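[1] I'd like to go over a predicted model; first the sequence, then the structure.
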Amino acid sequence: MITHPIPSMYADIRRLWQQAFGDTDAWLDTYFRFRHADANMYVTVVEDEEVASMLSLLPLQLTDGEHRFSARYLYAVATEEQWQGLGLSQTMTEYALEQLRTQGVQAVVTVPATASLFTFYAGQGFVPFSSMQMRTVNSASLSAPAEGQVVACDAAALFSLRRQLLEKRACLWGQWDMDALSYALLNARQTGGGAYRIETTQGLACAVVECAHEQAYVKELLTEGLAPETALGMLDTHLHARQYHLRLPASMPGSSTPFSMVRWLDTQAEKASARALAPPYFSLVLD
């Protein structure tokens, strides 16, 4: 049986989650308190009410500034080891997507963690959506301009700043709501990072950063008029990390790596989305 979970299933769900992804009890406590909603998850229940597989579908919009498409982020798909190889995940995904279609959801985006998962989701009708540039920069190579400021952002400021920077790109991009951004900020701040507005006489940037062991993981860096290294130089005056691991939009100069896939549930929305001029952008994901 495929259904939304109920609280009596949470122990099974947590056990499966940790088996599949290795997250800690503390991380799961935070996720289920601040990000989980039963309506955004499906589970496959088998004999003795055991949860055999699960997936989450987190709400967002895809927008190019002119159009807005109702979408979901397909996340945390997993099957208990003893039930793997029976097609439970694929059947559950198809069921969930059909339910979304009847609710008016127009697209589903996912971020496959491995090359084999890109192949798996291609077999389920997903196609390449966005790419990202991955860079690692040593802090010793950075320098900050003489004038400028770095200001910590709350969720509302981050929402506005992302929209300001992304709507100028003429691309289709993933717009997270306030709940999603609040959760992203909570995660970042718990590591000693956060969200930041970076401004100099040259331009403006927005960064969301998680930190660990003198490493800074820049989950998002959007710039306007600033080179990424200049924005990082400013950021380093606050974070003092040894290395910065960046995810940058594919539209920037340099080679990129496939990052996300999409399955359109509405053909008219798919056609309208194709009018965007720049490559799609999708970031700030749970991965």
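    Everything's here; your move.
[2] How many residues are close by Met252?
    14 (other C-beta atoms under 10 Å). Where you see a C-beta, it was placed from the backbone N, CA and C, and this is true even at glycine.
[3] right, and it touches Met132 too?
    No: counting by C-beta atoms under 8 Å, Met252 sits too far from Met132 to count as a contact (9.8 Å).
[4] Domain parsing of this protein, as residue ranges.
    2-130+259-281, 132-249 (automatic domain parsing).
[5] any chance of those in a markdown table, plus mean neighbour count?
    Output for the domains of the chain, formatted as a markdown table (neighbours: other C-beta atoms under 10 Å):
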| stretch | mean neighbour count |
| --- | --- |
| domain 2-130+259-281 | 17 |
| domain 132-249 | 18 |
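[6] Name the residues that touch the helix or strand harbouring Met234?
    Using DSSP states H and E, Met234 maps to helix 228-239. For helix 228-239, the external contacting residues (C-beta atoms under 8 Å, 6 or more residues apart in numbering) are 135, 137, 139, 141-145, 148-150, 192-193, 196, 198, 200, 202, 205, 207, 209, 211, 216, 218, 221, 223, 244, 246, 248, 252.
[7] From these, which land in strands?
    135, 137, 149-150, 196, 198, 205, 207, 209, 211, 216, 218, 221, 223, 244, 246, 248 (DSSP state E).
[8] Now do the strands in the stretch 51-200 of the chain.
    68-79, 107-110, 127-128, 131-138, 149-152, 171-175, 194-199 (DSSP state E, counting those that start in this stretch).
[9] Distance to Pro228 and mean pLDDT for the ones you listed - can I get that in TSV?
    Below are the strands of the stretch 51-200 of the chain laid out as TSV (distance: least, C-beta to C-beta, whole Å; pLDDT from 0 to 100):
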stretch	distance to Pro228	mean pLDDT
strand 68-79	25	97
strand 107-110	24	98
strand 127-128	24	97
strand 131-138	8	95
strand 149-152	15	96
strand 171-175	18	96
strand 194-199	11	97
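[10] can you put these in a markdown table and add distance to Ala96?
    Shown next, in a markdown table, are those (distance: least, C-beta to C-beta, whole Å):
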| stretch | distance to Ala96 |
| --- | --- |
| strand 68-79 | 8 |
| strand 107-110 | 9 |
| strand 127-128 | 18 |
| strand 131-138 | 26 |
| strand 149-152 | 37 |
| strand 171-175 | 19 |
| strand 194-199 | 31 |
